[in-house]
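> Kindly return the folded structure for what I paste below:
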Amino acid sequence: MEHQGTVAQQFGPQAQAYLSSAVHAQGRDLGQLTGLAARVAAGAAVLDLGCGAGHAGFALAPHAAEVVAYDLSADMLATVAQAAAERGLASIRTRQGPAERLPFADGTFALVASRYSAHHWDDPAAALAEAARVLAPGGTLCLIDVVGPQGPHAALLDTHLQALELLRDVSHVRDYGRGEWRAMLDAAGFERLDEQDWRLDIEFSGWLARMRTPSVLEAAIRQLLAHAPREVRDYYRVDPATLDFKLESAMFIARKANRIG
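Residues are numbered from 1 along each chain as shown. Here you go, the predicted structure:
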């Protein structure tokens with residue numbers, strides 16, 4: 001199966017779980033998205049790229065003329081459409097497809113937002129190039145995702161992070177580091193405006209249940225966390241009793257350059 005098929009297969013059956021997930025339905029970044037939409041996309045069209053269960057789109061909708069919720073998974077999109085209707089968010093419409101090939105005309109959107117989707121993209125450079133293409137000149141990109149570690153022991157920490165993510169979810173590609181995202185944003189022609197980061201609390205049992213991780217892989221994850229080096233357990237603040245831990249998230253806000261000539 002191709003990677004895009006794996007992503008769609010992994011997330012389709014879990015659509016309702018992601019809609020109700022506290023990790024996805026809450027967070028200070030959702031309030032920041034609402035404020036960003038009010039500043040840069042009031043009365044304009046907005047793209048929720050890799051929308052999942054739609055939480056970013058729900059935050060953007062009060063200020064946008066239209067929010068396009070875009071995702072690989074038809075089941076996720078059905079969940080978004082139903083939840084939007086129940087919340088009275090008539091400005092939200094859905095469209096299916098991959099992040100690397102956007103079926104929209106150049107300059108369609110004032111704002112492109114992506115929240116906890118990019119670590120599933122097969123080609124993030126291509127996805128960022130497409131985001132730049134469909135943004136109007138001077139338009140804004142907001143990218144939110146789990147990020148890889150930095151500082152001492154970064155290689156050791158990164159190896160464990162990617163292993164845990166892949167064992168839990170076979171559609172995982174990579175949690176990119178902050179420096180990797182900065183370089184990709186620069187290469188796609190974005191001007192970086194702001195960057196923020198925070199810790200994301202992961203309740204271990206819910207994290208596994210949300211993805212319906214098979215028992216054999218759950219056992220491997222438990223073994224990996226229980227016997228991880230002290231540097232890993234300290235960095236990710238692993239609770240030895242529950243195996244709850246803390247990931248790192250980051251938000252990048254960037255502007256598409258106005259090009260002359």
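
> the strands in the stretch 151-261 of the chain, which residues?
190-202, 245-256 (DSSP state E, counting those that start in this stretch).

> Just want the angle from the first one to strand 245-256.
When axes from the mean of the first three to the mean of the last three C-alpha atoms, to 10 degrees is applied, the directions of strand 190-202 and strand 245-256 differ by 160 degrees.

> helices or strands up against strand 190-202?
Counting contacts by 3 or more C-beta pairs under 8 Å, 6 or more residues apart in numbering; DSSP states H and E, strand 190-202 packs against helix 22-25, helix 28-40, strand 135-146, helix 178-187, strand 245-256. C-betas here are computed from N, CA, C, even on glycine.

> As TSV, the ones you listed with mean neighbour count and distance to I92 would be great.
Formatted as TSV, these follow (neighbours: other C-beta atoms under 10 Å; distance: least, C-beta to C-beta, whole Å):
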stretch	mean neighbour count	distance to I92
helix 22-25	15	16
helix 28-40	17	13
strand 135-146	21	17
helix 178-187	16	26
strand 245-256	21	22
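
> In JSON lines, list the ones you listed along with mean pLDDT and distance to F204.
Putting the helices and strands packed on strand 190-202 into JSON lines (pLDDT from 0 to 100; distance: least, C-beta to C-beta, whole Å) gives the following:
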{"stretch": "helix 22-25", "mean pLDDT": "50", "distance to F204": "12"}
{"stretch": "helix 28-40", "mean pLDDT": "93", "distance to F204": "22"}
{"stretch": "strand 135-146", "mean pLDDT": "97", "distance to F204": "15"}
{"stretch": "helix 178-187", "mean pLDDT": "98", "distance to F204": "25"}
{"stretch": "strand 245-256", "mean pLDDT": "97", "distance to F204": "7"}
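
> Quick one: closest of those to A64.
helix 28-40 (5.7 Å; C-beta to C-beta).

> Make sure Q196 is actually in contact with M251.
Yes. With contact defined as C-beta atoms under 8 Å, Q196 reaches M251; the gap is 4.7 Å.

> on that earlier part again, okay, the strands of the stretch 151-261 of the chain in a markdown table with distance to G50 next?
Shown next, in a markdown table, are the strands of the stretch 151-261 of the chain (distance: least, C-beta to C-beta, whole Å):
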| stretch | distance to G50 |
| --- | --- |
| strand 190-202 | 17 |
| strand 245-256 | 15 |
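
> From the chain's centroid, how far away is stretch 102-114?
Its chain's C-alpha centre and that of stretch 102-114 lie 17 Å apart, by C-alpha atoms, centre = their mean, to the nearest Å.
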